[in-house]
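**Q** have a look; sequence and predicted model below, questions after that.
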Amino acid sequence: MVWFRRDLRVHDQGSLAAAGGAGEPIVPLFILDSALWPTVGRRRQDRLAASLRSLDSSIRQLGGPGLVVRTGEPHKVLLQICEEASADTVWHSAEFTPYGKARDERVGEELTAAGIAFEPADSPFLHPPGEVLTGSGTGYSVFTPYYKSWLGRQTPEPIEVRDLRFDHSLDCGSLPEANEQTRAGEDEALGMLQSFVHEGLTAYGSKRNRPDQDSTSHLGAALHFGELHPRTVVAAAREAEGEAFIRQLCWRDFYGDVLFRLPQARNQNVDQRFDAIPWETGPGADGAYERWTAGMTGYPFVDAGMRQLVQTGWMHNRVRMVVASFLTKDLLLHWRKGADFFSQQLLDADVANNSLGWQWTAGTGTDAAPYFRVFNPVLQGLKFDPNGDYVRQYVPELGHLEGTAVHEPWKHPDGYRDGYPERMVDHAQAREDALRIYESVKAATQ
Ligand SMILES: Cc1cc2nc3c(=O)[nH]c(=O)nc-3n(C[C@H](O)[C@H](O)[C@H](O)COP(=O)(O)OP(=O)(O)OC[C@H]3O[C@@H](n4cnc5c(N)ncnc54)[C@H](O)[C@@H]3O)c2cc1C
């Protein structure tokens, strides 16, 4: 049995390679986990469904019966289907998130008790959590030394998958419905990787902070669902000398490692001194949160980002930092509220990258932006959207303002002509208030 989870591909696929090497006929299984499926939201359900359809057709092309799909609690489904197929081994890619780890422990116990081996054969990372260690054998808390150590390790090469034979005896069941327009799956991801490597990689280092230019890979969702393994991505990027890009991929391994060691980081401050921050919870807090989610804060760069997120399921990294800073520092709303909204909306939503990306911006994480860094939403817009094109694309009420005028409608007599809202807070004042609160919390706990 090969149990697919976040490894929805047939190339560079450790579990398939291991099962192929074992020489027995393979059952390719996906379980729609009844605890997870309803919680992921329609957008990601659709993305996952399209990816499963693509995997199903890849398996058929390899001579298999298609993807076998079942719904239910994984340990129960596995026990039953292993019995039906007389399987003695379940190959899988190891999981390191709090939910994935707990699920696999339970599954492992139940399968072992039934005499079935539960064998990890891969992981979703280049270097799996727990492997990149300091000289004294502990994990890293700070990115730069982790990165140096990560670079110093031998880079694993893509895994060759061959000699697959499939079991055709089981009914495949039904794939979940997907919107025909949704583009997903391994072939799509490999195509995106190739065009990024040929067209985008050279300029990535200089342009990756520019949301007005489509300069990043957009591979986050493909990496999250495992339509591509980072081995494949790094091998392609290395050929094109993509150091700046490979460094960003290392953040993904780093955050995976941090969450593995500190599972509470999913929803609690890593730096507990900041537990004392008096986040806004009063009557105004809900309204402020609604304005942020709707892209109606009155700060054009923030609003463009929030509208991009809601309309497309993706937001540029620079803008993710700016909107996160705005929620936590300007509005003093808990980063968890922002992380929850991101995870409902983002197609690349990933518990490690999301929680720790939020904690980095809020200043509460292991390797966090210093708490006194508060992004100025106007200066960030002027610097990283220097012609105003990004804002005009997502905020049509400002479409009549030319060039950088779009970042400061308050300076123009017709700035609010088309109904764009006035600023909900004064950033300079909000920044001072936030700094005072963060400083007093730090001082009280030192
Ligand atoms: C508040 C906040 C929340 C975030 N939430 C997520 C999330 O839920 N899922 C997610 O994958 N990334 C998240 N990120 C990190 C980053 O913004 C996205 O990975 C990136 O914007 C995705 O676009 P891309 O694929 O074009 O990235 P590229 O720039 O092309 O990078 C390639 C890949 O490297 C990895 N990567 C790049 N930057 C980072 C980073 N800072 N941290 C971790 N991995 C990185 C991602 O897998 C990404 O797809 C978050 C960042 C912040 C500040």
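**A** Arrived safely.
**Q** all contacts plus neighbour counts: C-alpha atoms, from now on.
**A** Will do.
**Q** spatially central residue in this protein, please.
**A** Asp350 (3.3 Å; Cα atoms, centre = their mean).
**Q** does that residue really touch Gln344, like I thought?
**A** No - counting by Cα atoms under 8 Å, Gln344 is not a contact partner of Asp350; they are 10.5 Å apart.
**Q** picking that back up, and the residue nearest to the centre of the chain, what is it in contact with?
**A** Asp350 sits next to His224, Ser343 when contact means Cα atoms under 8 Å, 6 or more residues apart in numbering.
**Q** measure it to Phe125 for me?
**A** 13 Å (Cα to Cα, to the nearest Å).
**Q** and for Ser195?
**A** Taken as Cα to Cα, the span from Ser195 to Phe125 is 22 Å.
**Q** when the two are compared, which one has more neighbours?
**A** Set Ser195 next to Phe125 and count neighbours by other Cα atoms under 10 Å: Phe125 wins out with 23 against 13.
**Q** per-domain residue ranges of this protein.
**A** Domain assignment for the chain, taken from automatic domain parsing, gives 2-123, 125-157+187-261, 266-444.
**Q** from Pro263, how far off is the residue nearest to the centre of the chain?
**A** From Asp350 to Pro263 the distance is 14 Å (Cα to Cα).
**Q** tell me the residues of the stretch 151-300 of the chain that contact the ligand?
**A** Thr216, Ser217, His218, Leu219, Gly220, Leu223, Gln248, Leu249, Trp251, Arg252 (Cα under 6 Å from any ligand atom).
**Q** picking that back up, for the domains of the chain, give me TSV that also has mean pLDDT.
**A** Below are the domains of the chain laid out as TSV (pLDDT from 0 to 100):
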stretch	mean pLDDT
domain 2-123	96
domain 125-157+187-261	96
domain 266-444	96
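**Q** nearest to Arg165, out of those domains?
**A** domain 2-123 (4.8 Å; Cα to Cα).
**Q** Phe30 in helix, strand or coil?
**A** Secondary structure, DSSP: H, G, I helix; E, B strand; the rest coil: Phe30 is strand.
**Q** could you list everything it pairs with in the sheet?
**A** Beta bridges link Phe30 to Phe4, Val69 when assigned by DSSP bridges.
**Q** contacting residues for it?
**A** Contacts of Phe30 by Cα under 8 Å, 6+ apart are Trp3, Phe4, Arg5, Leu67, Val68, Val69, Arg70.
**Q** confirm for me that the first one is in contact with His92.
**A** Yes - A contact is recorded between Trp3 and His92 when judged using Cα under 8 Å, the distance being 5.4 Å.
**Q** so for these two, which sits in the more crowded spot?
**A** His92 (26 against 22).
**Q** make sure the more buried one is indeed in a helix.
**A** No - using three-state DSSP, the assignment for His92 is strand, not a helix.
**Q** who does it form a beta bridge with?
**A** The partner residues for His92, given DSSP bridges, come to Pro120.
**Q** how close does it sit to Glu160?
**A** Counting by Cα to Cα - His92 and Glu160 are separated by 16 Å.
**Q** Trp360: how many residues sit nearby?
**A** By other Cα under 10 Å, the residues close to Trp360 number 21.
**Q** before we move on, what about Gly20?
**A** Neighbours of Gly20 (other Cα under 10 Å): 19.
**Q** buried residues in the helix or strand harbouring it?
**A** Assessed by DSSP states H and E, Gly20 sits inside helix 14-22. For helix 14-22, a neighbour-count test (16 or more other Cα atoms under 10 Å) marks Gly14, Ser15, Leu16, Ala17, Ala18, Ala19, Gly20 as buried.
**Q** same question for stretch 193-207.
**A** Leu193, Gln194, Phe196, Val197, Gly200, Leu201, Thr202, Tyr204, Lys207.
**Q** how about the strands in this structure?
**A** 2-4, 28-33, 68-72, 89-93, 117-122 (DSSP state E).
**Q** so which bits of the stretch 301-446 of the chain are right by the ligand?
**A** Within the stretch 301-446 of the chain, the positions adjacent to the ligand are His316, Asn317, Arg320, Met321, Ala324, Asp348, Ala349, Asp350, Asn353, Asn354, Gly357, Trp358 by Cα under 6 Å from any ligand atom.
**Q** show me what contacts the third one?
**A** Contacts of Arg320 were listed using Cα under 8 Å, 6+ apart, and they are Gly305.
**Q** report the two of the buried residues of stretch 193-207 separated the most.
**A** Gln194 and Lys207 (18.4 Å).
**Q** longest helix of the chain?
**A** Ranked by residue count and defined by DSSP state H, the top helix of the chain is helix 41-61.
**Q** and the angle from that helix to strand 28-33?
**A** Comparing the axes of helix 41-61 and strand 28-33 via axes from the mean of the first three to the mean of the last three Cα atoms, to 10 degrees yields an angle of 170 degrees.
**Q** can you give me the angle the helix holding Gly20 makes with strand 28-33?
**A** 140 degrees.
**Q** which elements pack onto helix 14-22?
**A** strand 2-4, strand 89-93, strand 117-122 (3 or more Cα pairs under 8 Å, 6 or more residues apart in numbering; DSSP states H and E).
**Q** Throw those into a markdown table and include distance to the ligand, thanks.
**A** What follows is these, written out as a markdown table (distance: least, Cα to the nearest ligand atom, whole Å):
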| stretch | distance to the ligand |
| --- | --- |
| strand 2-4 | 19 |
| strand 89-93 | 17 |
| strand 117-122 | 18 |
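**Q** got those strands as TSV, with distance to Phe30 columns?
**A** Shown next, in TSV, are these (distance: least, Cα to Cα, whole Å):
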stretch	distance to Phe30
strand 2-4	5
strand 89-93	11
strand 117-122	15
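**Q** which of those strands sits closest to Ala50?
**A** Of all those, the one in closest proximity to Ala50, counting by Cα to Cα, is strand 2-4 (14.7 Å).
**Q** from Ala430, how far out is Trp335?
**A** 16 Å.
**Q** these two: which is more packed in?
**A** The neighbour comparison of Trp335 against Ala430 (other Cα under 10 Å) goes to Trp335, with 26 against 17.
**Q** okay if I get the domains of the chain as TSV plus distance to Glu180?
**A** Shown next, in TSV, are the domains of the chain (distance: least, Cα to Cα, whole Å):
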stretch	distance to Glu180
domain 2-123	8
domain 125-157+187-261	14
domain 266-444	16
